[in-house]
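Enquirer: predicted model, plus sequence, below.
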Amino acid sequence: MMSSQEKATAYWKENLRYLLILLSIWFLSSYGAGILFAEQLNAFKIGGFPLGFWFAQQGSIYVFVILIFVYVRLMNKLDKKYGFDE
């Protein structure tokens, strides 16, 4: 059985892993798709607008909001896994 300190350490390691993954996805969708890969993505269109422009203007915001919901869901599962849920 894990001690309280071991549980807290494992919890935060897993939490930080989730954060790094989700922030990487957000970085790639905002900076990567909106700036670095914009020229290649502009070959495709969404609603008549080039895809690179769309990501720079709106797509990264949508991705961020979706990631918030994903993070909440992951944290609820993590809280239950380590017994920190209410």
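Expert: Yep, it's here.
Enquirer: what's the burial count for the residue nearest to Ile35 when sequence neighbours are not counted?
Expert: Counting by CB to CB, 6 or more residues apart in numbering, Ile35 lies nearest to Ala56, which is 6.9 Å off, once chain neighbours are set aside. For the C-beta atoms, the positions are set from N, CA and C on the backbone; glycine is no exception. Here the number of neighbours of Ala56 (other CB atoms under 10 Å) works out to 17.
Enquirer: numbering from 576 from now on, please.
Expert: Okay, residue one is now 576; in that scheme the one you just asked about reads as Ala631.
Enquirer: so what does Ala631 have for phi and psi?
Expert: As for Ala631, its main-chain torsions (degrees, to the nearest 10) stand at phi -70, psi -30.
Enquirer: tell me the contacts of Leu611?
Expert: Taking CB atoms under 8 Å, 6 or more residues apart in numbering as the contact definition, Leu611 lies against nothing.
Enquirer: how close does it sit to Leu594?
Expert: When CB to CB, to the nearest Å is applied, the distance between Leu611 and Leu594 equals 22 Å.
Enquirer: same thing with Lys588?
Expert: Applying CB to CB, the value for Lys588 to Leu594 is 11 Å.
Enquirer: and the two? Which one has more around it.
Expert: Taking other CB under 10 Å, Lys588 and Leu594 do not tie; Leu594 has more neighbours (13 against 10).
Enquirer: which strand or helix spans the residue nearest to the more buried one when sequence neighbours are not counted?
Expert: Closest residue to Leu594 apart from its sequence neighbours, by CB to CB, 6+ apart: Tyr646 at 7.9 Å. Counting by DSSP states H and E, the element that carries Tyr646 is helix 635-657.
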